[in-house]
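> can't give you the sequence, but here's the structure:
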């Protein structure tokens, strides 16, 4: 049976999440996004041309080591908690359909000058609106500074 | 050997645009035929559905000939979960379509080697040629069907070629 009760989203959960992230060591992470106009040349598809990734800042975020068991030869995994408001602002600016679409387009995340790969994305919602995104990240092998 | 790898990919991409123009994907803000070289794209936790991914695996070199003959193993991986219109129940049929497309993409089994590091691309003196496809078993992971096809690609190393 459908839930027909009236719900008026007031953004409370989003504001609480943003405040909590900011108060708990909130920092800035940058999504590595493809350029607005992609490279359709052969060189762009065979690894010859630089991809020209854009850096899209998101704040506040909290970055921490994930509580997973360490295994030989496995790089450590990390969690990135992102404010729903920060993602929503970029979704509006880039005219995308959702926060998930934004994160799906990203090829990685740069935190403190180091690149991480996105392993999984999940969102916590209140009244149908995301207030917190959780990214599971894996450290890359490349040691180049970004 | 890199020229042979580039030639193989671009040959298959051109043929795919003819064999099935509807098989496209959007990757790094570019809409293009649904085929990619894994090592030339950003790492992804899951494969792109309904697209062909080329992975370069084995390498052997025959040094007993006047020119070095490189033999490279290319694994063509593809996955599908069917179509939304059929709620994924057509995933077996969709995989069969991709199997047939692989056969069409690979024939004829040769192409003129090109140097795509130059612009415009330069024609080289030898051919790149490859074996018939060796289809692996279907792998099922929940609603996703995947297959890997192995092809051995041969190319002579020309003088001055890196």
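Great, that's in hand. Because the structure is a prediction, the values reported are computed rather than measured.

> and the most centrally placed residue in chain A, what does it touch?
Chain A has residue A:103 as the residue nearest its centroid, 5.3 Å off, counting by C-alpha atoms, centre = their mean. Residues near residue A:103 by C-beta atoms under 8 Å, 6 or more residues apart in numbering or on different chains: A:31, A:87, A:118, A:121, A:133, A:135. Yep, even glycine has a C-beta here, placed from its N, CA and C like the rest.

> ok, now with 6 Å
Residues touching residue A:103, when contacts are defined by C-beta atoms under 6 Å, 6 or more residues apart in numbering or on different chains, comprise residue A:121.

> likewise residue B:96?
When the contact criterion is C-beta under 6 Å, 6+ apart, residue B:96 has no partners at all.

> That one should be in a helix, yeah?
Yes: when DSSP: H, G, I helix; E, B strand; the rest coil is applied, residue B:96 is found to be in a helix.

> and the gap between it and residue B:136?
Relative to residue B:136, residue B:96 is positioned 15 Å away (C-beta to C-beta, to the nearest Å).

> repeat for residue B:2
Note on residue B:2: its distance to residue B:136, by C-beta to C-beta, is 26 Å.

> Over to residue A:42?
Using C-beta to C-beta, we find residue A:42 at a distance of 29 Å from residue B:136.

> These two: which is more packed in?
Neighbours were tallied for residue A:42 and for residue B:136 using other C-beta atoms under 10 Å in any protein chain shown; the higher tally belongs to residue A:42 (19 against 14).

> And for residue 127, nearest residue in space, chain neighbours not counted?
With no chain named, the answer covers chain A. When the adjacent residues along the chain are set aside, residue A:127 lies closest to residue A:9, with 4.5 Å between them (C-beta to C-beta, 6 or more residues apart in numbering or on different chains).

> look at chain B instead
Take residue B:127 and drop its neighbours on the chain: the residue closest to it by C-beta to C-beta, 6+ apart is residue B:110, 4.9 Å away.
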